[in-house]
Every structure is written in C-alpha cells, then in structure tokens.
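> The following block contains a protein sequence and its predicted model.
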Amino acid sequence: MNFVNECIKCTVDQCKHHAQSQNYCSLNSIMVGTHENNPTMDQCTDCKSFEVK
Ligand code: SF4
C-alpha cells in the first residue's frame, strides 16, 4: 500500500500523489501557492505539488 501522510488531508483524487483509498496525500510535504495577486479566499490558493494522474 502506498504511503499515506496523515498530516496532509486531500480530496483531489485526480492527482497522482493522492492516496486514493483514503483522502490523504502520499507526499512527505507539499507546496501551497496562489494564482492571485491578492488572495482573499480559499479558492485563491492552489496545491503546487498537484500532478495529473
Ligand atoms: S499533491 Fe496536492 S493535490 Fe496532490 S494529493 Fe497531494 S495535496 Fe492533494
């Protein structure tokens, strides 16, 4: 079974780093960023470690 990092919860199971059977990331750490100049809400932030499956 793949490593599950219980410190990083994630529901994006389209990502190749997702633990699939459980809503966690399998990476040791992730990078979070933003695509906005002036982020004001959670929708403004992104997981920069995302990679499509
Ligand atoms: S890399 Fe980001 S989007 Fe992908 S499973 Fe981990 S936390 Fe989720």
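That came in fine, so what should we check first?

> CA atoms for contacts and neighbours, from now on please.
Noted.

> Could I get the buried residue list for stretch 22-36?
Taking 16 or more other CA atoms under 10 Å as the neighbour-count basis, stretch 22-36 is seen to contain the buried residues 23, 24, 25, 26.

> Do any residues in it lie close to the ligand?
Yes. Where contact is defined by CA under 6 Å from any ligand atom, part of stretch 22-36 touches the ligand, namely residue 25.

> Not counting its own residues, what contacts stretch 33-44?
For stretch 33-44, the surrounding residues in contact (CA atoms under 8 Å, 6 or more residues apart in numbering) are 45, 46, 47, 48.

> Can I get the buried residues of stretch 22-36 in a markdown table including pLDDT?
As requested, the buried residues of stretch 22-36 are exported to a markdown table (pLDDT from 0 to 100):
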| residue | pLDDT |
| --- | --- |
| 23 | 97 |
| 24 | 98 |
| 25 | 98 |
| 26 | 97 |
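
> I'd like those residues laid out as a markdown table, including secondary structure.
As requested, the buried residues of stretch 22-36 are exported to a markdown table (DSSP: H, G, I helix; E, B strand; the rest coil):
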| residue | secondary structure |
| --- | --- |
| 23 | coil |
| 24 | strand |
| 25 | strand |
| 26 | coil |
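
> who touches residue 11 in this structure?
Applying CA under 8 Å, 6+ apart to residue 11 gives the contacts 18, 23, 24.

> Unless I'm misreading it, residue 49 sits right up against residue 25, doesn't it?
No. With contact defined as CA atoms under 8 Å, residue 49 does not count as touching residue 25 (10.2 Å).

> Could you tell me which residues of the protein lie near the ligand?
With CA under 6 Å from any ligand atom as the criterion, the chain comes near the ligand at residues 10, 12, 15, 17, 18, 25, 47, 49, 50.

> What is the neighbour count of the residue lying closest to residue 34 once chain neighbours are set aside?
Once its chain neighbours are removed from consideration, residue 34 has its nearest residue in residue 45; the separation is 4.4 Å (CA to CA, 6 or more residues apart in numbering). With neighbours defined by other CA atoms under 10 Å, the count for residue 45 comes to 14.
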